[in-house]
Structure formats: C-alpha cells, structure tokens
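> with the sequence up front, the predicted model follows.
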Amino acid sequence: MSATKTKVLFVTGMGRSGSTILDNILGQLEGFFSSGELMYLWDRGMLQNLLCGCSERFHDCELWPRVVARMPELNAELAARLAEIRENLTPRRAVTLSELFSHTTAEDLELYKEHLGSLYRAIVAETGCRVIVDSSKFPGHGLAISQLHDVDLYVLHMIRDSRAVAQAWQKERIYDDSGEETVHSTILHPAVCSRQWMRWNLAIEMLWQDSPRYLRLRYIDFIAEPRATLERILDVMGLSGTPLPLVGDNEVDLQPSHAVAGNPSRFRLGRVALRYDGAWKAKQSARERRLVTALTWPLLQRYGYLD
C-alpha cells in the first residue's frame, strides 16, 4: 500500500442509525480526524455557514477556513454545483437499486471526485491526520470515494433495526442549535423509510461486502460492546493497539471536534455513557411496527434483528 495514500473510513448506512456518536468517538483516536457528514461541506458549510462541531460558524472555525484556503478554486458557485451533484449521487426517492446510481453524468461524477479528493488532501495537510472519518452515509458518495486513486477506502456499514430507524424518522431533528437558525431533516413515512432502509443496505452490500476493508456493524453490538467494536475497526484498518478513548467499558470522554455536519449529538462533550435506547418500542404503534417488519423482514432476519 502506498504511503502517500489517505486512509478514509467511510461510515455508511441509513440515517438515524448511530453514526454520529460513532464518528465522534473515532475522532478521539490518535491520528483520526472526525469530519462528520463531510458531503455537506459544500452547502451547510461554505454557503450556509452553519455550526461546526467546535460550536463556531464554519467560516469562523479555526480549521475549516484554512482547509478551504488550500482549495483556491472552491467558490460559492462551485460549492452549489457540488451540492447539487451530491444529491443526484444517491437520490432519496429512487425506486430501484439501479436508480440509486443513474442520476449523475460521468462529467459530473468526475467534477465531484476531483474536488472531494482535493478536500481530503487539504484536510490531511492542515491536521496531519492519518485517517479521515467521513460519516456521510450516502452510498453514492462512498462510490465516488472508492474511485479516488490516492485514497485507501475502508467501509463501516452501520445497521440499526429498521423499526427503530422508522420511529426515529417520525420526528424532525434540528441540525443547528444556535438559536438563530435551524435546519430540519424530513419526516419520513414508515413505508418510505422502510423502502429506503432496504435499498441503501442492499446497495452498500452490493458495492463492498466482498472487500476485506468492509466491516458490518450492528448498532446494538456497538452499544453493548464499544471496546470490542473499536478494536475490530482498528484491526480491519491495520491499526491495532491504538489507545481507546473509553472510560471503563461503556463511557467515552468526548473532546470538541470539527464535524462539519451531523445531528446535534456532535456538540456533546465530556463523559458520555453509551446505553441502548429502546424507547422507540413504546412509541411505535403496533400497526407501524407490523408494516415496517413486513417491508424489511428479509434484511431484519439477515442482520439478526428477528432473533
């Protein structure tokens, strides 16, 4: 493996599956940089100037302006174009697996890859990190990463029970808690959420399950055994022995990050206990649970959530 390549750990899976807290924890490891949902840098960072994980505005952050300065071609017009291409890379309303990757022209994909690669190089130059954790989740974004010649890609497939995910998508989540502006996620009907959960998980497996750099991780296993989980990730990446940021077996000491986007948990600091959240079981109606189970049962069974 070339020493000049950047290691990127791509955290993928359906939204609301625990990727933000995992990203935050990985960012505490020596040599790891937690970028959050980096695919949103173009719009939520460059154009909207929303909050970084350090609680400063993107353009006031002590890191991101220096990173952008290393990309002199990146202006507002280009940022808007890259955000548009990103949305086309993995359309949320695709009906079939093939449609997940059929909305982007070869020219647009090359443009996106060019500037994504430039962004990764700028991050490494400014932080000196050896691993960039990118929890953007979109399979299409991951596909673009996999085609960068100077990146060694590792894929962490985060899987949460589809019924818990469907319940989590029944409420809006505020992505900027500054009190001055808000960015809300979309509420998804359980049937829509179920179809997307199936398509995205199948697409992720289709792309990477045969790779030795692919690791499937169930959310419940991560919460139950965070130490073993982190050790597995480091083993796959050839970084065994890296000190872990855990206090005891299920607490982590979180320091500020520069996650460019993600849910509000990226602002949590200090000691955080990792506990299973089963409140969705009481909140979800029996009808919705039956619906989601019926629509997703093949993968629920495959992932061990029907045992």
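Received the coordinates, thanks.
> please enumerate the helices of the stretch 101-250 of the chain.
Under the criterion DSSP state H, counting those that start in this stretch, the stretch 101-250 of the chain carries helices at the ranges 106-127, 139-146, 162-168, 190-208, 219-224, 226-236.
> out of those, which one sits most buried?
Scoring these by mean neighbour count under mean count of other Cβ atoms under 10 Å gives helix 162-168 as the most buried, with a mean of 25. C-beta here means a position set from N, CA and C on the backbone, and glycine is covered the same way.
> quick one: that one to chain centroid distance?
Average the C-alpha atoms of helix 162-168, do the same for its chain, and the two points are 17 Å apart (Cα atoms, centre = their mean, to the nearest Å).
> identify all contacting residues around that helix.
When contacts are defined by Cβ atoms under 8 Å, 6 or more residues apart in numbering, helix 162-168 is touched by residues 14-17, 188, 190, 193-194, 197-198, 219, 280, 283-284, 288-289, 292-293, 295-296, 299-300, 305.
> buried subset of the residues you listed, written for ChimeraX?
Here is the ChimeraX command that selects the buried residues among the contacts of helix 162-168 (16 or more other Cβ atoms under 10 Å):
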select :14,15,16,17,188,190,193,194,197,198,219,280,284,288,289,292,293,295,296,299,300,305
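> circling back: with distance to Glu73 and mean pLDDT added, can I get the helices of the stretch 101-250 of the chain in a markdown table?
Formatted as a markdown table, the helices of the stretch 101-250 of the chain follow (distance: least, Cβ to Cβ, whole Å; pLDDT from 0 to 100):
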| stretch | distance to Glu73 | mean pLDDT |
| --- | --- | --- |
| helix 106-127 | 8 | 97 |
| helix 139-146 | 18 | 95 |
| helix 162-168 | 38 | 96 |
| helix 190-208 | 29 | 94 |
| helix 219-224 | 39 | 95 |
| helix 226-236 | 34 | 97 |
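> tabulate these (TSV), appending distance to Ala273.
Putting these into TSV (distance: least, Cβ to Cβ, whole Å) gives the following:
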stretch	distance to Ala273
helix 106-127	28
helix 139-146	30
helix 162-168	19
helix 190-208	27
helix 219-224	10
helix 226-236	10
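> give me the spatial nearest neighbour of Lys113, chain neighbours excluded.
Nearest residue to Lys113, sequence neighbours excluded (Cβ to Cβ, 6 or more residues apart in numbering): Ala144, at 5.2 Å.
> same check, this time on Thr127
In space, and not counting its chain neighbours, Thr127 is closest to Phe33: 5.0 Å by Cβ to Cβ, 6+ apart.
> just the pLDDT for that neighbour.
Phe33 carries a pLDDT value of 98.
> give me phi/psi at it?
phi -120, psi 120 (degrees, to the nearest 10).
> and Glu77, how far from Leu89?
Glu77 sits 19 Å away from Leu89, taking Cβ to Cβ, to the nearest Å as the criterion.
> the two: which has the busier surroundings?
When neighbours are counted by other Cβ atoms under 10 Å, Leu89 comes out ahead of the other of Glu77 and Leu89, with 22 against 8.
> residue closest to the middle of this protein?
In the chain, the C-alpha nearest the mean C-alpha coordinate belongs to Ser135, at 2.1 Å (Cα atoms, centre = their mean).
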